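Peer 1: Just to be clear, the model below is a prediction. Sequence and coordinates:
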Amino acid sequence: MKKVIFLLLVVFCFSQLNAQQFLTPSAVFSGKEPAYITLKDGTEIKGTIKLKRKKAQIESVTVDDGVKKQTLKADKIAYMYLMPSGFDKLAKSAEFLTNAKKWNNEKLNNDLLDQGYVYFENSDVKIKKKTYTMMMQVLNPTFSKGIIVFNDPFAKETASLGVAGIKVVGGDAKSYYVKKAGDPVAYVLTMKDYKKEFPLFWKGCDAVISQFPTVKWTELPKHIVAYTEECAK
């Protein structure tokens with residue numbers, strides 16, 4: 001128990017120093033804690049879940065609400081909140097608390113995020129020349145009003161620093177899927193192309209361009225925060 005508390009404090013301290021950061025993606029989710037699922041037709045379901053994946057993407061969700069068990073195809077789900085397993089649950093709660101007060105997103109259930117839940121949203125995603133419909137993990141739920149950043153499960157990472165086997169700083173993904181408000185699809189944004197794409201990506205938002213004359217991939221969360229505060233409609 002003391003080790004868990006120590007690790008949580010370490011994560012919390014580093015997240016305070018790096019408050020304007022994306023959440024760390026989660027890969028394993030609890031089969032005991034309830035999930036909260038909203039279908040595209042507005043139906044709300046609460047129950048324990050089991051995920052079926054294909055090529056790292058969620059293909060379907062089997063949910064047991066205590067009365068019946070049903071399997072939902074991912075393309076029928078609008079959005080959902082899943083509880084990560086183990087220590088990741090505590091880490092998510094600490095990460096959320098560093099951002100929640102300043103960049104509260106009214107459309108999300110902040111009580112669930114406060115508990116450590118991970119938010120997934122259904123989106124069309126452009127991969128190379130094809131468009132797919134996928135359940136995507138949102139990495140900036142508290143400042144996603146203008147631009148949503150989705151996890152790229154295949155992204156490579158920069159170097160990271162760990163404590164007791166837990167990554168606490170660094171390890172930034174080299175690519176994300178992003179979608180601006182009003183855009184029909186999300187598309188990949190990569191570290192290697194970001195400097196070149198910076199003027200076009202932030203065109204029309206002088207707040208970002210003027211505040212960050214030097215383009216750094218690691219400051220992408222700060223760019224999005226500035227856009228959210230100054231330019232998002």
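Peer 2: Noted; the coordinates are in hand. Residues are numbered from 1 along each chain as shown.
Peer 1: Show me the helices in the chain, by range?
Peer 2: 2-17, 87-100, 110-114, 191-201, 206-211, 220-230 (DSSP state H).
Peer 1: Could I get the buried residue list for the third one?
Peer 2: Same thing as helix 110-114. By 16 or more other Cβ atoms under 10 Å, the buried positions in helix 110-114 come out as Asn110, Leu112, Leu113. The C-beta positions use only the backbone N, C-alpha and C, and glycine is treated the same way.
Peer 1: got a list of what the residue most central in space within the chain touches?
Peer 2: Compute the mean C-alpha point of the chain, and by Cα atoms, centre = their mean the closest residue is Leu139, 1.8 Å away. The contact partners of Leu139, taken as Cβ atoms under 8 Å, 6 or more residues apart in numbering, are Phe22, Leu23, Pro25, Val149, Phe150, Asn151, Tyr176.
Peer 1: The fourth one against Asn140, yeah?
Peer 2: Yes: the pair Val149 and Asn140 qualifies as a contact (Cβ atoms under 8 Å) at a distance of 4.6 Å.
Peer 1: what sits in contact with each of the two?
Peer 2: Phe22, Ile224.
Peer 1: in the chain, which helix or strand is least confident?
Peer 2: strand 160-163 (a mean of 40; mean pLDDT, DSSP states H and E).
Peer 1: From Gly47, how far off is the residue of the chain positioned farthest from its centre?
Peer 2: Computed with Cα atoms, centre = their mean, the maximum C-alpha offset from the centroid of the chain is found at Val67, amounting to 30.8 Å. Note on Val67: its distance to Gly47, by Cβ to Cβ, to the nearest Å, is 9 Å.
Peer 1: Settle this for me: Tyr194 is touching Val215, isn't it.
Peer 2: Yes: with contact defined as Cβ under 8 Å, Tyr194 counts as touching Val215 (6.7 Å).
Peer 1: More neighbours: which of those two?
Peer 2: Tyr194 (19 against 16; other Cβ atoms under 10 Å).
Peer 1: Skip the chain neighbours and tell me the closest residue to Tyr117.
Peer 2: Counting by Cβ to Cβ, 6 or more residues apart in numbering, the nearest residue to Tyr117 once its immediate chain neighbours are dropped is Tyr81, at 4.2 Å.
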